[in-house]
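Colleague: A predicted structure for the sequence below; I have some questions about it.
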Amino acid sequence: AQSVTQLGSHVSVSEGALVLLRCNYSSSVPPYLFWYVQYPNQGLQLLLKYTSAATLVKGINGFEAEFKKSETSFHLTKPSAHMSDAAEYFCAVKANYGQNFVFGPGTRLSVLP
Amino acid sequence: EAGVTQFPSHSVIEKGQTVTLRCDPISGHDNLYWYRRVMGKEIKFLLHFVKESKQDESGMPNNRFLAERTGGTYSTLKVQPAELEDSGVYFCASSFRDNGGGTEAFFGQGTRLTVV
């Protein structure tokens, strides 16, 4: 069975500061990993995904994530936070074809002026 | 290209009533998922269709929930009778058929269900 943990239900950063959102996963097979973002009153939007092609994955809006198998982690980073990054971020794991997505509890990011 | 569409966006019903949620996936997507998020908690899997067949319904809470996907196109999720604990946001997602598992899902905006 797969599971996802996200350290920190709420993270606050200053505008221009580094964003680091943590994600650790548990999977019995090599996983596929995803980061989704939910802006207020909207659905979930894909930021990026890891599918074993490269361990450092670049996504939209300047976000990137690095897959570290030894640490079972897939942390999300952005060098410089913008006010528009304020949203809730979800890490998800999928084991294989035909499996469903398993989501972490989410991290709400606040960006302070 | 139209995204995943969910109807209604909000629904407020009384305990004991019936509610039907609808999801129109992206055209050509074989996979259709239903998820639920209750009061800011985790997004929980409900079930997964591949075309019109139920691939996995292990997340359905109980037999008050019934999901269908007619002809492999749109899907409905009926709750009958609704209970207070059914309140939450119900998300639908769809994806292409994938052979390796790395295909992302596209989500609708969700239906916020409130049972009073």
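Modeller: Arrived safely. All values reported here derive from a predicted model rather than from experimental measurement.

Colleague: burial of the residue in chain A positioned nearest to chain B, as a residue count?
Modeller: Closest approach between chain A and chain B, counting by CB to the nearest CB: residue A:51, at 3.3 Å. From N, CA and C alone the C-beta is placed, and that goes for glycine too. By other CB atoms under 10 Å in any protein chain shown, the residues close to residue A:51 number 19.

Colleague: ok, the residue lying closest to it once chain neighbours are set aside - contacts?
Modeller: In space, and not counting its chain neighbours, residue A:51 is closest to residue B:102: 3.3 Å by CB to CB, 6 or more residues apart in numbering or on different chains. Residues near residue B:102 by CB atoms under 8 Å, 6 or more residues apart in numbering or on different chains: A:32, A:49, A:51-52, A:94.

Colleague: cool, residue A:32 as well?
Modeller: Contacts for residue A:32 (CB under 8 Å, 6+ apart) come out as A:49-52, A:93-96, B:100-102.

Colleague: let's have those in a markdown table, adding pLDDT.
Modeller: Output for the contacts of residue A:32, formatted as a markdown table (pLDDT from 0 to 100):
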| residue | pLDDT |
| --- | --- |
| A:49 | 93 |
| A:50 | 91 |
| A:51 | 84 |
| A:52 | 79 |
| A:93 | 92 |
| A:94 | 87 |
| A:95 | 76 |
| A:96 | 70 |
| B:100 | 64 |
| B:101 | 69 |
| B:102 | 75 |
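
Colleague: buried subset of these?
Modeller: Buried members of the contacts of residue A:32, scored by 16 or more other CB atoms under 10 Å in any protein chain shown, are A:49-51, A:93-95, B:101-102.
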